[in-house]
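Trainee: Quick one, what's the 3D model for this:
(one chain, ligands or ions: 1)
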Amino acid sequence: MTTLQADLNQQGRTVLVTGAGSGIGLAIATAFVGAGDTVYFCDIDAERVHSASEALGATAHGEVVDVSDYDQLKALVERAVRETGRLNVMVNNAGVADGKASIEKTGLDLWRRVISINLDGCFFGCKLASEIMIGQGSGRIINMASISSFRGAVNGVAYTASKHGIVGLTERLASDLGPSGITVNAVGPGAIETGVSVNSEALLGDSYPTGSASTTSDEKLREIVPLGRRAKPQEVASVVLFLASEAASYVSGATVPIDGGWLTR
Ligand SMILES: NC(=O)c1ccc[n+]([C@@H]2O[C@H](COP(=O)([O-])OP(=O)(O)OC[C@H]3O[C@@H](n4cnc5c(N)ncnc54)[C@H](O)[C@@H]3O)[C@@H](O)[C@H]2O)c1
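Mentor: Next up, the predicted model:
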């Protein structure tokens with residue numbers, strides 16, 4: 001048995017999920033709690049941390065953290081390791097949408113906020129987790145990419161650049177960290193039933209483009225997605241759980257589309 005296998009076969013992994021106050025992140029945290037793991041999670045929104053903590057129960061520990069602040073995220077990673085002695089799985093999920101802003105509508109503030117949350121935040125999580133996991137000789141890192149990691153015109157300039165960046169980061173880290181027994185993968189959701197547009201507009205305030213048609217209509221989705229519908233957040237969480245499991249022991253450097261077949265069109 002490899003060190004990685006031995007580690008993941010332990011009962012109760014330590015898992016950290018960012019942006020788990022709502023949507024996909026909350027579904028991921030719920031799935032890991034259901035699998036018997038100890039979950040540390042964060043969100044920038046205090047109310048969401050509170051409601052998620054109530055929903056997740058005693059084996060989940062939430063804190064208000066802005067992932068674009070390295071020191072804040074570092075403190076949460078350190079807490080997880082201090083309290084459990086390990087970090088088995090890191091899920092870099094926190095992200096904001098950009099209202100599908102074109103280059104004309106992408107102001108410098110919008111660009112910087114989206115890149116700092118979606119890409120810096122992911123990099124910070126990878127860097128912090130890898131430092132612990134290299135020492136352990138094992139670990140799983142799973143990053144939240146998007147259909148916009150593969151397609152240029154589904155979302156706006158900043159979001160598309162950030163999600164393409166996550167694929168490059170994931171591939172390079174899979175190469176760097178494989179020799180230390182760590183797998184690094186990403187998932188690329190298509191259209192998922194969450195409040196990401198409304199939440200992002202509230203978080204980004206004035207930098208968010210006004211009058212943006214930020215969600216794809218149901219009619220349009222039926223046309224472009226072979227399965228003809230949005231997915232539930234749980235349908236993303238189940239793939240993340242797979243990538244963290246022993247069943248995915250030889251998967252690394254992949255960005256797995258979860259898009260109802262959208263990329264075939
Ligand atoms: N919903 C979709 O259709 C879809 C598709 C592809 C990818 N994604 C990605 O999935 C991830 C989760 O999005 P979602 O759809 O669940 O939206 P969501 O708005 O429900 O969840 C995102 C969470 O991240 C939090 N957050 C935002 N900025 C943060 C920061 N700086 N620090 C910590 N937390 C922060 C938000 O408060 C929110 O609770 C994002 O990375 C998003 O880009 C979503």
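
Trainee: how close does S217 get to the ligand?
Mentor: Separation of S217 from the ligand (Cβ to the nearest ligand atom, to the nearest Å) stands at 13 Å. C-beta here means a position set from N, CA and C on the backbone, and glycine is covered the same way.

Trainee: ok, how many other residues are close to that residue?
Mentor: Residue neighbour count, defined by other Cβ atoms under 10 Å, stands at 9 for S217.

Trainee: Repeat that for the one 3 residues further on.
Mentor: Neighbours of K220 under the rule other Cβ under 10 Å: 11.

Trainee: how about low-confidence regions in the protein?
Mentor: 1-11, 213-214 (pLDDT under 70).

Trainee: Show me the strands in it, by range?
Mentor: All strands of the chain, identified by DSSP state E, fall at 14-18, 38-43, 60-64, 89-92, 139-144, 182-189, 255-258.

Trainee: Output those as a markdown table; include the columns mean neighbour count and distance to K232.
Mentor: Formatted as a markdown table, those follow (neighbours: other Cβ atoms under 10 Å; distance: least, Cβ to Cβ, whole Å):
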| stretch | mean neighbour count | distance to K232 |
| --- | --- | --- |
| strand 14-18 | 29 | 17 |
| strand 38-43 | 27 | 19 |
| strand 60-64 | 19 | 20 |
| strand 89-92 | 28 | 17 |
| strand 139-144 | 27 | 16 |
| strand 182-189 | 26 | 11 |
| strand 255-258 | 20 | 11 |
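
Trainee: From W111, how far off is the nearest residue to V39 once chain neighbours are set aside?
Mentor: Of all residues not flanking V39 in the chain, A60 sits nearest, at 4.4 Å (Cβ to Cβ, 6 or more residues apart in numbering). Distance of A60 to W111, given as Cβ to Cβ, to the nearest Å: 34 Å.

Trainee: Could you do T216 as well?
Mentor: Counting by Cβ to Cβ, the gap from T216 to W111 is 22 Å.

Trainee: cool, and G156?
Mentor: To W111, G156 is 10 Å away according to Cβ to Cβ.

Trainee: more neighbours, those two?
Mentor: Neighbours per residue, other Cβ under 10 Å: of G156 and W111, the larger number sits with G156, 25 against 19.

Trainee: contacting residues for that one?
Mentor: A97, D98, G99, K100, A101, S102, K105, T106, P209 (Cβ atoms under 8 Å, 6 or more residues apart in numbering).

Trainee: how about the residues of the stretch 101-250 of the chain near the ligand?
Mentor: Counting by Cβ under 6 Å from any ligand atom, the residues of the stretch 101-250 of the chain close to the ligand are I117, G121, M144, S146, P189, A191, I192, T194, G195, V196, N199, L203.

Trainee: Now the two most distant members of those residues.
Mentor: Within these, two members stand farthest from each other by Cβ to Cβ: G121 and A191, at 22.3 Å.

Trainee: Who has more neighbours out of the two?
Mentor: Just comparing G121 and A191: by other Cβ under 10 Å the higher neighbour count belongs to G121, 28 against 21.

Trainee: Counting neighbours, show which residues of stretch 242-250 come out buried.
Mentor: F242, L243, A244, A248 (16 or more other Cβ atoms under 10 Å).

Trainee: Starting from R82, give me the distance back to the residue nearest to V39.
Mentor: 17 Å.

Trainee: How about L110?
Mentor: Using Cβ to Cβ, we find L110 at a distance of 37 Å from R82.

Trainee: between the two, who's got more neighbours?
Mentor: The neighbour count for L110 versus R82, taken as other Cβ under 10 Å, is higher for L110 (23 against 8).

Trainee: State the distance from S138 to the ligand.
Mentor: In terms of Cβ to the nearest ligand atom, S138 sits 25 Å off from the ligand.

Trainee: Could you report the neighbour count for that residue?
Mentor: Count around S138 with other Cβ under 10 Å applied: 21.

Trainee: thinking again about what came up before, of the buried residues of stretch 242-250, closest to the ligand?
Mentor: Of all the buried residues of stretch 242-250, L243 has the smallest distance to the ligand: 14.7 Å, by Cβ to the nearest ligand atom.
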